[in-house]
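Undergrad: Got a predicted structure plus its sequence, pasted below:
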Amino acid sequence: MISAHSEVKLDFNNTEIAFRNKSDKDLDKAYWLFKMVASNALIKVGTPVTTFALRVGLPIQGIIRNTIYKQFCGGESIEGCSKAISELGNGNVTTILDYSVEGEESEKSFDDTCAEILRTVAFAKQNSNISFCVFKPTGLGRFDLFEKLDAKQPLTADERLEFDKVYDRIDRICKACYEANVKVLVDAEHSWIQDTIDDFARQMMEKYNKDSAIVYNTYQLYRSDKLASLKADYAYAQTQNFYLGAKIVRGAYMEIERARANEKGYSSPIQPNKEASDADYNAAIHFCLDNINRIGLMAGTHNEESSRIVAEEMLNRGISPKNEHVYFAQLLGMSDNLSFNLSAAGFNVAKYMPYGPVKAVMPYLFRRAQENTSVGGQTGRELNLIIKEKQRRKRQK
């Protein structure tokens, strides 16, 4: 528990703080939504059925917009997110504005995505409630190109030109963030393209993190090699005199990674069990806090124990909860008990706020729903907290 002499009080079971920006109607909707998400069968059947309905133009977008989309997304445009951004801001929680359109593979779509992310940077510069921007590298270049680069295969002349465009898009975003003094997160992806993404992120950090941590790479600690990567990157940052930006997460592609390793006959990069993932996650947190003067840390977690460890370790080391080098992060629509109780205790907290047209964001939403069912106990925790708050409100009436 938090040490007794500290003024900071953390109670992750305080549902009054967790849901104080939710109406009774909002809670009812969230309750039924998480009940549906808890059904693995519903997710497996509902995903292809909904995809088909959207493809053939059946009028279901309104239903989606008022249920799963409303729970996990901020709006269909940057401006459309303003209300959700302000609501989080009222609870002293900042926003990570995340353009979540996935699955496009044309040069035009990559240019369009780059332009949209640059708009999020310009918007963030004018809005103090936005603490980070973010981009997914495969939103800016072809997956197959990243895969070829990772495999160290020679590129054709056309592919070299394509690579230069990808580099330019990433560089323009990071430069804009540097000039606007807005932090930016580079999302992690599958292990067989991650080395290339790490190279990009390292180059951008070396270029733009000379004075502070602007560019943050993502370290997925459900991989058995990522604690070593974090330490190696920090050693390199020291020799080259730049700040390391490190977003520490467990990871999101476990089933895919293990299946591919099994299919292709190589050793899985994923930790052997949850205990190993937890141990490396906590070790990464300790390492970052040990070197917090030169590392910008984002602890991306929906795990209560991990959140408590970060908070306790900060206090034990005399690191202010408001230290700009430390942020907690959760996804919009999930783990409000962590986000709002941490912010109420004075810590820096940000929520990932996906946005984009309903149809275009559906691949993201389906992935999020599937991840929810695969993360042990996550949906059950959400439901129990919602039930607890509904009962509390009923008693007070």
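TA: Structure's in. What do you need?
Undergrad: could you measure residue 125 against residue 139, distance?
TA: Separation of residue 125 from residue 139 (Cβ to Cβ, to the nearest Å) stands at 21 Å. For the C-beta atoms, the positions are set from N, CA and C on the backbone; glycine is no exception.
Undergrad: Give me the more crowded residue out of those two.
TA: It is residue 139, of residue 125 and residue 139, that has more neighbours when counted by other Cβ atoms under 10 Å, with 21 against 16.
Undergrad: Tell me the pLDDT of the more buried one.
TA: The score at residue 139 is 94. That number is its pLDDT.
Undergrad: Any stretches of the stretch 101-250 of the chain with poor pLDDT?
TA: 103 (pLDDT under 70).
Undergrad: isn't residue 27 right next to residue 391, touching?
TA: No: using Cβ atoms under 8 Å, residue 27 is not in contact with residue 391, being 10.8 Å away.
Undergrad: Give me the more crowded residue out of these two.
TA: residue 27 (18 against 11).
Undergrad: Quick one: residues contacting the more buried one.
TA: 19, 386, 389, 390, 393 (Cβ atoms under 8 Å, 6 or more residues apart in numbering).
Undergrad: please redo it, this time with the cut-off set to 10 Å
TA: Contact analysis of residue 27 by Cβ atoms under 10 Å, 6 or more residues apart in numbering lists 15, 19, 385, 386, 387, 389, 390, 393.
Undergrad: residues in contact with residue 350?
TA: 88, 93-96, 129-132, 183, 185, 298, 300, 327-330, 339, 343.
Undergrad: what's the following helix or strand after the helix or strand where residue 95 lies?
TA: If you go by DSSP states H and E, residue 95 is part of strand 94-99. Counting by DSSP H and E, the next helix or strand C-terminal to strand 94-99 is helix 107-125.
Undergrad: Could you list the paired strands of the helix or strand just after that next one along with their orientation?
TA: Of the helices and strands lying after helix 107-125 in sequence (DSSP H and E), the nearest is strand 130-135. Here strand 130-135 is paired, per DSSP bridges, with strand 94-99 (parallel), strand 183-186 (parallel).
Undergrad: how far is the last one from where the chain is centred?
TA: Taking the mean of its C-alpha atoms, strand 183-186 sits 10 Å from the chain's own mean (Cα atoms, centre = their mean, to the nearest Å).
Undergrad: Repeat that for stretch 164-180.
TA: Computed by Cα atoms, centre = their mean, the chain-centroid distance of stretch 164-180 equals 20 Å.
Undergrad: Please identify the buried residues of that stretch?
TA: The neighbour-count check on stretch 164-180 (16 or more other Cβ atoms under 10 Å) flags 165, 166, 169, 170, 172, 173, 174, 175, 176, 177, 178, 180 as buried.
Undergrad: Identify those among these that sit within strands.
TA: Assignment to strands by DSSP state E places none of these there.
Undergrad: okay, the strands paired with strand 130-135 in TSV with mean neighbour count and distance to residue 286 next?
TA: Formatted as TSV, the strands paired with strand 130-135 follow (neighbours: other Cβ atoms under 10 Å; distance: least, Cβ to Cβ, whole Å):
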stretch	mean neighbour count	distance to residue 286
strand 94-99	25	24
strand 183-186	26	21
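Undergrad: Please convert the ones you listed to TSV, extending it with distance to residue 157.
TA: Rendered in TSV, the data for these read as follows (distance: least, Cβ to Cβ, whole Å):
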stretch	distance to residue 157
strand 94-99	31
strand 183-186	27
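Undergrad: who wins for proximity to residue 311 among those?
TA: Closest to residue 311 of the strands paired with strand 130-135 is strand 94-99 (Cβ to Cβ; 17.2 Å).
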